[in-house]
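Asks: Any chance you can model this:
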Amino acid sequence: MKQEASYFENREPVLIYIAHKLRDALRLEGILDSAGLDYGVEPDEYRGGVIFRTVRVGAFFYVPAETAEAAREILRRNSYTPSEQEPPA
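Replies: Below you'll find the predicted structure:
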């Protein structure tokens, strides 16, 4: 279930996915809710583009470290490519 930032205060959050479109973010929230996983989501900036690099805003999905692999497997089963590491700063 979707959790507030305070849920992660004493836990190590792990980035599992960056949704670039609102439609994808909403669909992924439904998938994670159906799976019963606790997760956090927040807007943040990422760099996109090949020739013309731009800064864009996406929905960053986080889970507690102990459920990261299970969450990544759920993403794969639903045709998402999970993030395997933190994005570069």
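
Asks: CA only for contacts and neighbour counts going forward, please
Replies: Noted.

Asks: least trustworthy helix or strand in the chain by mean pLDDT?
Replies: strand 40-48 (a mean of 93; mean pLDDT, DSSP states H and E).

Asks: list the contacts for Tyr46?
Replies: 55-58, 87 (C-alpha atoms under 8 Å, 6 or more residues apart in numbering).

Asks: and the residue most central in space within the chain, what element?
Replies: Central residue of the chain (C-alpha atoms, centre = their mean): Phe61, 2.0 Å from the mean position. Using DSSP states H and E, Phe61 falls within strand 54-64.

Asks: Show me which helix runs longest in this structure.
Replies: Using DSSP state H to define each element, the chain has its longest helix at helix 22-35.

Asks: what's around the nearest residue to Ala35 once chain neighbours are set aside, how many residues?
Replies: Computed as C-alpha to C-alpha, 6 or more residues apart in numbering, the closest residue to Ala35 that is not its neighbour in sequence is Ile74, at 8.0 Å. Number of residues near Ile74 (other C-alpha atoms under 10 Å) recorded here: 18.

Asks: Next: the one 4 residues further on.
Replies: A count of nearby residues for Asn78, using other C-alpha under 10 Å, gives 12.

Asks: likewise Val41?
Replies: Val41, neighbours per other C-alpha under 10 Å, totals 21.

Asks: Now do the closest residue to Ala25 other than its chain neighbours, the pLDDT please.
Replies: Excluding the flanking residues, the one nearest Ala25 by C-alpha to C-alpha, 6+ apart is Ala19, at 5.3 Å. Listed pLDDT for Ala19 reads 96.
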